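K.L.:
fold the stuff below for me.
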Amino acid sequence: ARSAHDCSEGGAVVALAECAIAGGVGCSVFLDDDLPGVSSLFSESQSRVILTLAEGDMDALLEILARDEVPYSVLGAVGGTCLSIGDKIDVDLGTLRAIYQGTLERLVAGELQTEELREG
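P.N.:
Numbers count the residues shown, from 1 in each chain. Below you'll find the predicted structure:
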């Protein structure tokens, strides 16, 4: 594995966003589920981890997962300058970074109202 991030604080979309921001590399993924958008993106169900790995290592990982009967989904690929999740999200990393960094501090300091969070 090249990276791993749990989905316990904000679901898959937050995990993917944090990885993209930290690594400075975007990704294009598809969440293969029938859930409503909010559940699909933000579900904090336990024991879910997003892994990245070199493309050449995919077969070996899938073999291990199958052997140990671990459920999995192949989500997509790392690369580019945007976080793209199917038809639900498509945002460039610069915008994502600007939104993410400092938001909690602004909220705690009373500089950001919850209406702004809903709109932004």
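K.L.:
now do the helix or strand hosting Ala17: everything it contacts.
P.N.:
Per DSSP states H and E, Ala17 falls inside helix 11-23. By Cβ atoms under 8 Å, 6 or more residues apart in numbering, the surrounding residues in contact with helix 11-23 are 3, 5-7, 26-27, 29, 31, 40-44, 48, 50, 52, 75, 78, 83, 85, 89, 93, 96-97, 100-101. Any C-beta I mention is one placed from the backbone N, CA and C, and that applies to glycine too.
K.L.:
residues of that helix that come out buried?
P.N.:
The neighbour-count check on helix 11-23 (16 or more other Cβ atoms under 10 Å) flags 11-21 as buried.
K.L.:
ok, of these, which one's closest to Leu62?
P.N.:
Closest approach between these and Leu62, by Cβ to Cβ: Ala12, at 19.4 Å.
K.L.:
which stretches of this structure have low pLDDT?
P.N.:
Counting by pLDDT under 70, the chain contains low-confidence ranges at 113-120.
K.L.:
do a quick rundown of the helices in it.
P.N.:
11-23, 37-42, 58-67, 93-100, 103-108, 114-119 (DSSP state H).
K.L.:
which strands and helices sit next to the fourth one?
P.N.:
Where contact means 3 or more Cβ pairs under 8 Å, 6 or more residues apart in numbering; DSSP states H and E, helix 93-100 is packed against helix 11-23, strand 82-85.
K.L.:
just how off-centre is the helix holding Ala17 within its chain?
P.N.:
Relative to its chain's centre, helix 11-23 lies at 4 Å (Cα atoms, centre = their mean, to the nearest Å).
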